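>>> dropping the sequence and predicted coords here.
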Amino acid sequence: MKRSIEAMVATALASGLVAMAPSSAAADKSWAYAGPNGPTKWAKLDKSFAACAGPLQSPIDIPDAHARKGDLPPLLFNYKPSPLKIVDNGHMIQVNYASDSWVSIEGKRYELVELQFHKPSEFKISGKGQEMDVQLVHKDKEGKIAVVAVLLDQSKENALIKTILSNLPQTKDSESAPPNIQINAFGLLPQNKEYYTFKGSLTAPPCTENVSWYVLKTPASISADQVARFAKVYPMNARPLQPVNDRDILGPVAR
């Protein structure tokens with residue numbers, strides 16, 4: 001079975017932890033990033049998507065000037081190599097990650113579940129976005145979700161992304177699991193791992209809220225050729241920015 005973010009939410013639902021996941025595969029395919037079933041309609045497409053109209057939706061434009069600054073605890077990454085398994089789920093390129101890799105945040109361990117790629121970047125920082133972003137989705141043993149978002153600046157080639165793009169599924173709604181190829185998600189992280197953190201939601205239906213976001217301040221790199229290669233598959237798969245409302249945003253101290 002594909003281990004997608006929707007499946008992860010459904011698992012958590014069984015424990016009463018999060019809102020309802022899409023009611024069926026047909027419901028999942030009912031939404032899109034543009035057109036009559038685009039983002040402005042998500043909340044009304046299916047009753048399980050009602051959270052898409054909630055007050056703490058993602059993505060947002062992070063207002064650095066208004067973020068509460070402080071010495072935030074470091075994100076302690078313990079990523080290990082994983083066999084490459086890529087899913088084109090009809091909405092995005094997703095890489096399912098093997099177990100036993102995690103990030104530790106204030107002593108709490110969140111296991112890396114999958115990588116999701118978006119064009120353009122879904123998040124902005126003080127009005128500035130990037131060509132793409134990658135969202136590293138984690139969950140703890142209780143099913144709570146923490147996502148580390150890395151904006152991807154168009155500059156030099158990224159070796160890990162090169163491997164992924166060289167092994168994409170040939171068609172949508174399919175998988176690619178080439179033998180004897182491993183990746184390490186650490187290759188997606190910039191050297192500077194300072195971050196902004198706030199409560200938000202999944203950025204696609206069912207738009208479940210109470211997701212902990214950690215958006216890295218410094219982008220990682222991707223080449224122009226790699227952006228163009230991704231755009232052949234998904235020229236645009238980013239949700240529009242959502243209102244910040246009165247949510248609390250913490251950010252790193254300027255150095």
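On my side now, so go ahead.
>>> per-residue confidence for Arg3?
Among the per-residue scores, Arg3 holds a pLDDT of 43.
>>> surely Phe77 touches Ile105?
No: at 10.2 Å, Phe77 does not count as touching Ile105 under the criterion of C-beta atoms under 8 Å. All C-beta spots, glycine's among them, are computed from the backbone N, C-alpha and C.
>>> who has more neighbours out of the two?
With neighbours defined as other C-beta atoms under 10 Å, Phe77 and Ile105 compare such that Ile105 has more, 21 against 16.
>>> now do the phi/psi pair for that one.
Taking degrees, to the nearest 10, you get phi -130, psi 110 for the backbone angles of Ile105.
>>> please name the bridge partners of it.
Leu75, Lys108 (DSSP bridges).
>>> what sits against it?
By C-beta atoms under 8 Å, 6 or more residues apart in numbering, the contact list for Ile105 reads 73, 75-76, 146, 212, 214.
>>> setting aside sequence neighbours, what's the nearest residue to Gly127?
Here the nearest residue to Gly127 in space, its sequence neighbours aside, is Asp61; by C-beta to C-beta, 6 or more residues apart in numbering that works out to 6.1 Å.
>>> please identify the buried residues of stretch 168-176?
With burial defined by 16 or more other C-beta atoms under 10 Å, the residues of stretch 168-176 counted as buried are 168-169, 176.
>>> now intersect those residues with the strands, please.
Assignment to strands by DSSP state E places the following of the buried residues of stretch 168-176 there: Ser176.
>>> CSV please, covering the buried residues of stretch 168-176 and showing distance to Gly200 and pLDDT.
Putting the buried residues of stretch 168-176 into CSV (distance: C-beta to C-beta, whole Å; pLDDT from 0 to 100) gives the following:
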residue, distance to Gly200, pLDDT
Leu168, 28, 97
Pro169, 29, 95
Ser176, 30, 96
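>>> of the buried residues of stretch 168-176, closest to Ser30?
Distance ranking of the buried residues of stretch 168-176 against Ser30, using C-beta to C-beta, places Pro169 first at 21.7 Å.
>>> can you list the neighbours in contact with stretch 113-122?
Outside of stretch 113-122, the residues within contact range by C-beta under 8 Å, 6+ apart are 3-5, 8, 58-59, 92-97, 129-139, 149, 151-152, 164, 185, 188, 203, 227, 230-231, 234-239.
>>> can you select the buried ones from these in PyMOL?
The PyMOL selection below is limited to those of the contacts of stretch 113-122 classed as buried (16+ other C-beta under 10 Å):
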select buried, resi 4+5+8+58+59+92+93+94+95+96+97+129+130+131+132+133+134+135+136+137+138+139+149+151+152+164+185+188+203+227+230+234+237+238+239
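>>> for the stretch 151-255 of the chain, give me the ranges with low pLDDT.
Within the stretch 151-255 of the chain, the stretches falling below the threshold (pLDDT under 70) are 255.
>>> which residues of it fall in helices?
Taking DSSP state H, counting those that start in this stretch as the criterion, the stretch 151-255 of the chain contains helices spanning 159-165, 224-231.
>>> before we move on, the earlier item: sort out for me which of the contacts of stretch 113-122 are in strands.
For the contacts of stretch 113-122, the ones inside strands are 93-96, 132-139, 149, 151-152, with DSSP E as the criterion.
>>> closest one to Lys85 out of the buried residues of stretch 168-176, please.
Within those, proximity to Lys85 (C-beta to C-beta) peaks at Ser176, which comes in at 7.5 Å.
>>> and the closest residue to Pro252 other than its chain neighbours, what does it touch?
What sits nearest to Pro252 in space, not counting adjacent residues and going by C-beta to C-beta, 6+ apart, is Glu194, at 3.9 Å. Contact partners of Glu194, counting by C-beta under 8 Å, 6+ apart, are 72, 216-218, 252.
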